[in-house]
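Colleague: Based on what follows, work out the 3D shape:
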Amino acid sequence: MAASSGRAVVWRERSVMIPTRELFGVPVSAITIDSALDLIDAAIASRRRMRIGVVNAAKLVNMRRNQELMTDVVSSDMVLADGAAVVWASRLLGRRVPERVAGIDLMMGVIERGNTRGYRVYCLGATAEVLARATGQISSSFPGIAIVGQHHGYFTRDEEKAIADDIAQSHADILLVAMTSPRKERFLARWSRTLDVPICHGVGGSFDVLAGIVKRAPITWQRLGLEWLYRVKQEPRRLWKRYLVTNAAFTIMVCSALLREKIAGLRAPVRPTST
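Modeller: You can find the predicted model right below:
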């Protein structure tokens, strides 16, 4: 795959080319959050499927170790740079994406737009208690949104078909899946064609934030790319090792890629100058 290319998404008789930048074998969409929201609105208007994937440093590391996760993410219609580290890596490697598009920011942008458009939303994931609090927060803050269905995220493989059928029967415009990787990617890859929902978006732990269980990092921390550190600060025992290992592995990935490109540049034949 070329470092810079595009991915076509077809709605009705119009083809929209989403510019992409290849990072570690992943076609990351080189678009802003406003452009992503416009594409989502267009997909909903035409009832065309768009499965949205997001990548941060940890997920890119895990995708190298888990081929099924890599396949599920890459098969998404739009893959967004969810982490600041991904944006920085894209710039270092000369494959620039314009900005970070965090999954939670995209989710809130969709909900805010949907508040005036009457979007129908199905919420899947988290515990029953967190899910109830999160959907209650959406309904109270955005009365124009219709919550047309919900189900907690603690279900078995045998229960998946019944849940997928329930989602399809809800006639939702948007499915928000608040489960951890790789479960949410596997569920969406396996069932997205059955769901009959234009927008399928994996939102990770965003329901915990909506429910007030987890505090999101202040804007200053986000701009400095330290949102991960703020999460560790809240749950140090559970998260410090995970982030230490994945951040170190991602740094090695970036440095290795830079070294390979440097070596390739040194080996490139020198073209003779004309006299």
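
Colleague: Please give the element, helix or strand, for Arg231.
Modeller: Element membership for Arg231, per DSSP states H and E: helix 227-234.

Colleague: Let me see the ranges of the strands in this structure.
Modeller: Taking DSSP state E, the strands of the chain run over residues 4-11, 14-23, 26-29, 50-55, 78-81, 120-125, 146-151, 174-178, 199-202.

Colleague: Skip the chain neighbours and tell me the closest residue to Gln137.
Modeller: Computed as CB to CB, 6 or more residues apart in numbering, the closest residue to Gln137 that is not its neighbour in sequence is Leu210, at 5.0 Å. To be clear about C-beta, it is placed using only N, CA and C from the backbone, and glycine gets the same treatment.

Colleague: Which residues are in contact with that neighbour?
Modeller: Taking CB atoms under 8 Å, 6 or more residues apart in numbering, we find Leu210 in contact with Arg133, Ala134, Gln137, Ile138.

Colleague: will you turn those residues into JSON lines that also has distance to Arg260 and neighbour count?
Modeller: Formatted as JSON lines, these follow (distance: CB to CB, whole Å; neighbours: other CB atoms under 10 Å):
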{"residue": "Arg133", "distance to Arg260": "47", "neighbour count": "18"}
{"residue": "Ala134", "distance to Arg260": "43", "neighbour count": "26"}
{"residue": "Gln137", "distance to Arg260": "46", "neighbour count": "15"}
{"residue": "Ile138", "distance to Arg260": "45", "neighbour count": "22"}
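
Colleague: quick one: which of those is nearest to Lys161?
Modeller: Nearest to Lys161 among these: Ala134, at 24.6 Å, using CB to CB.

Colleague: residue contacts, the closest one?
Modeller: Cys123, Ala126, Ala178, Phe207, Asp208, Leu210, Ala211.

Colleague: Kindly provide the distance from Arg100 to Glu159.
Modeller: The span separating Arg100 from Glu159 equals 35 Å under the rule CB to CB, to the nearest Å.

Colleague: Okay then, goodbye and thanks.
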